[in-house]
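1. Pasting the sequence and the predicted model now:
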Amino acid sequence: MFDRMRSILGSILILFVAGCSGVQTHQFDLPEQVTFNEHIAPIIHQNCMPCHRKDGGAPFEMVKYKDVAKRAKMIAEVTSDRYMPPWPADPNYRSFVGERFLTEEQIALLEKWVEDGRLEGSGNPPEPPNYAEGSMFGEPDLVVPFQDTVFIEGNNLDRFMVVKVPFELPKDTFIRLIEFVPGNRELVHHMNGHLINYDFDKKQDVFEGQHVVTDVDGSTIETYQQLSIAHDDGSFPTLTPSVSNYLPGVLPAMYPEGIGSYKVNRKAAFLIKNMHYGPTPKDAYDRSYFNIFFAKGAPQRPIKEWLLGTLGISEVEPALVVPPDSIMKVQTEFTVPFDVSLLTINPHMHLIGRDFKAWATTPEGEEIPLISIPKWDFRWQYFYTFKQMLKIPKGSVIHAEGLYDNTLDNPNNPFDPPKTVVEPVNRDMKTTDEMFQFIITYLPYQAGDEHISLEPDARLFEH
Ligand code: HEC
């Protein structure tokens, strides 16, 4: 296993110093002297800097020696706990695009660097990578900003909003990629955006109604009314779910041309059902925006989605009612009706979730691992993209299993003393309710799919 990790990160590890009497830990030797310039900077630049840089979303920068030396002890702690870099999925169970984790050796290097006295070393550190401003993908075809600046009251609480971001186009078209760019990078924690397409003659004014509803988490009919989501005749427009998701340091999923672009009508809006802002002691503001890149035409292969579990196509068993002071396991199962190629998966639980696991069992009894999250973290809910399309044959059963910890040992338990936590019965839900969902995006299988890489297209970075 170390060999596999080493081959991924091999170029940045300098592990064996010939004949050295380095400290012996696990199966590797550490250098006599660990220095920032030689050993630490490459680890930090690759694994921490994507978020810990100016405008990167994390609370402080980690680029130069002094940024890192100042917090060295804390860095050694959060890395050995595997709290940072945040990647809750077990990389040994399944690898995904953009995964970030440190090897045991890298963690030991960080620890030894602190013990050795945080040496800077001679020479220069390697050049940190360059990050484009505004867009990671070059010049967008269209920028759609929030209509209103969002006010975030300085009350030290996590804030959840629902935001409507309406826009108009000269004609119906197709979108290849949607990139969310946070305005207030320190406070925008995550967002999950859906696309609303209006029938042209059923909505006079897409901009009418409120654009932001504060302190609601999820969506209720009242919220929809305040935002004036419906057509003028009261009917609801079409909603394409999860077209854009944001977490600090995560690139949006981008598929090869022809796969999974979205149709967008002349009158449209993004609906952000959970715009999550982190706590702040001072009043603050945010005006985020979407960068849109158009597709050349209609998708040859539109992306489809299955939602398993709560409010979805498969039942949660037993029913998700978690009594106080108990630990409970639930599961859901779904039989795949035809050969499919999986693209991304998104496990979803709330605060008392503790671990999550999903796999498929083929009709021949072969087990295909999908994802294992041994230490659930409500704050880091990625849409995990497979490195290559993953074929699941017809008749396979997809199993998902979740463990909930409603005791006080769970530091995220929202209630003290614990209370019974239940699933919402309708779409009216709060973070303190629970959910058990597994969202899968897929295409009907075509021969050769398993060789198609889902790594972002390198050509788009040439700017
Ligand atoms: C995907 C983005 C991301 C990456 C990658 C990342 N961090 Fe962080 N880090 C954050 C965010 C956001 C916070 C603040 C919120 C939190 O603690 O969850 C944070 C907080 C921290 C803290 C403060 C923890 C505390 O308890 O106050 C430390 C230390 C830290 N990161 C170190 C690192 C190190 C070291 C790496 C690389 C090995 C790293 N981070 C990689 C996003 C990231």
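-> Everything's here; your move. Residues are numbered from 1 along each chain as shown.
2. State which one residue of the stretch 201-350 of the chain is found closest to the ligand.
-> In the stretch 201-350 of the chain, the residue found nearest to the ligand is residue 249; the distance is 3.0 Å by Cβ to the nearest ligand atom. In short, each C-beta sits where N, CA and C put it, glycine included.
3. how about the nearest residue to that residue once chain neighbours are set aside, what does it touch?
-> Spatial nearest neighbour of residue 249, chain neighbours left out: residue 51 (4.0 Å); criterion: Cβ to Cβ, 6 or more residues apart in numbering. Listed by Cβ atoms under 8 Å, 6 or more residues apart in numbering, the contact set of residue 51 reads 57-58, 85, 248-249.
4. Residue 51 in helix, strand or coil?
-> Secondary structure, DSSP: H, G, I helix; E, B strand; the rest coil: residue 51 is coil.
5. For the closest residue in space to residue 300 that isn't next to it in sequence, grab the count of nearby residues.
-> Counting by Cβ to Cβ, 6+ apart, residue 258 is the residue found nearest to residue 300 once chain neighbours are left out, at 4.4 Å. Neighbourhood size, residue 258 [other Cβ atoms under 10 Å]: 14.
6. Would you check that residue 258 makes contact with residue 299?
-> Yes. Using Cβ atoms under 8 Å, residue 258 makes contact with residue 299 at a distance of 6.2 Å.
7. Phi, psi for the residue in the stretch 51-200 of the chain positioned nearest to the ligand please.
-> Of all residues in the stretch 51-200 of the chain, the one sitting closest to the ligand is residue 51 (2.9 Å; Cβ to the nearest ligand atom). With angles defined as degrees, to the nearest 10, residue 51 sits at phi -110, psi -40.
8. sorry, back to before: need the max-distance pair from the contacts of residue 51.
-> Spatial extent of those (Cβ to Cβ) is set by the pair 57 and 85 at 12.1 Å.
9. can you list residues touching both of these two?
-> In contact with both residue 57 and residue 85: 51, 249, using Cβ under 8 Å, 6+ apart.
10. Flag every residue of the stretch 151-300 of the chain that's near the ligand.
-> 248-249 (Cβ under 6 Å from any ligand atom).
11. Summarise which helices and strands the longest helix belonging to the chain is packed against.
-> With DSSP state H setting the assignment, residue counts place helix 104-115 as the longest helix in the chain. Secondary-structure packing of helix 104-115 (3 or more Cβ pairs under 8 Å, 6 or more residues apart in numbering; DSSP states H and E): helix 2-9, strand 28-29, helix 41-47, helix 72-80.
12. how big is the angle separating that helix from helix 72-80?
-> Angle of helix 104-115 versus helix 72-80, following axes from the mean of the first three to the mean of the last three Cα atoms, to 10 degrees, is 160 degrees.
13. how about helix 104-115: buried residues?
-> 105-114 (16 or more other Cβ atoms under 10 Å).
14. I'd like the residues you listed written out as CSV, with pLDDT and distance to the ligand added.
-> Below are those laid out as CSV (pLDDT from 0 to 100; distance: Cβ to the nearest ligand atom, whole Å):
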residue, pLDDT, distance to the ligand
105, 96, 13
106, 97, 8
107, 97, 9
108, 96, 13
109, 97, 11
110, 97, 7
111, 97, 12
112, 96, 15
113, 97, 12
114, 97, 12
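15. Redo the contacts of residue 51 as JSON lines? Include secondary structure, neighbour count and pLDDT.
-> Formatted as JSON lines, those follow (DSSP: H, G, I helix; E, B strand; the rest coil; neighbours: other Cβ atoms under 10 Å; pLDDT from 0 to 100):
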{"residue": "57", "secondary structure": "coil", "neighbour count": "21", "pLDDT": "77"}
{"residue": "58", "secondary structure": "coil", "neighbour count": "19", "pLDDT": "84"}
{"residue": "85", "secondary structure": "coil", "neighbour count": "20", "pLDDT": "95"}
{"residue": "248", "secondary structure": "coil", "neighbour count": "18", "pLDDT": "79"}
{"residue": "249", "secondary structure": "coil", "neighbour count": "20", "pLDDT": "75"}
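16. element containing residue 370, please.
-> Assigned by DSSP states H and E, residue 370 belongs to strand 367-373.
17. for that strand, the distance to its chain's centre please.
-> 17 Å (Cα atoms, centre = their mean, to the nearest Å).
18. Repeat that for stretch 230-244.
-> Offset of stretch 230-244 from its chain centre (Cα atoms, centre = their mean): 24 Å.
19. And the contacts of that stretch?
-> Here stretch 230-244 makes contact (Cβ under 8 Å, 6+ apart) with 175, 178-180, 191-199, 202-204, 224, 229, 252, 262-263, 270-271, 290, 305, 346, 383, 439, 441.
20. Same check on stretch 151-162?
-> Counting by Cβ under 8 Å, 6+ apart, 150, 184, 187, 189, 212-219, 223, 227, 271-286, 431 sit against stretch 151-162.
21. phi, psi of residue 69?
-> phi -60, psi -40.
22. ok, the residue lying closest to it once chain neighbours are set aside - contacts?
-> Leaving aside its sequence neighbours, residue 69 sits nearest to residue 118 (Cβ to Cβ, 6+ apart; 4.6 Å). Residue 118 makes contact with 36, 69, 72 under the criterion Cβ under 8 Å, 6+ apart.
23. Neighbour-wise, which one of these leads?
-> When neighbours are counted by other Cβ under 10 Å, residue 36 leads these with 22 neighbours.
24. Surely that residue touches residue 126?
-> No. Assessed by Cβ under 8 Å, residue 36 is found out of contact with residue 126, at 10.5 Å.
25. give me every residue that touches residue 367.
-> By Cβ under 8 Å, 6+ apart, the residues touching residue 367 are 359-361.
26. my bad, should have said residue 418
-> Per Cβ under 8 Å, 6+ apart, neighbours of residue 418: 324-325, 406-408.
27. let's go with 10 Å and repeat that
-> Applying Cβ atoms under 10 Å, 6 or more residues apart in numbering, we find residue 418 in contact with 322-326, 352, 405-408, 410.
28. Would you show me how to pick out the buried ones of these in ChimeraX?
-> The buried residues among the contacts of residue 418 can be selected in ChimeraX (16+ other Cβ under 10 Å) with this line:
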select :322,352,405,406,410
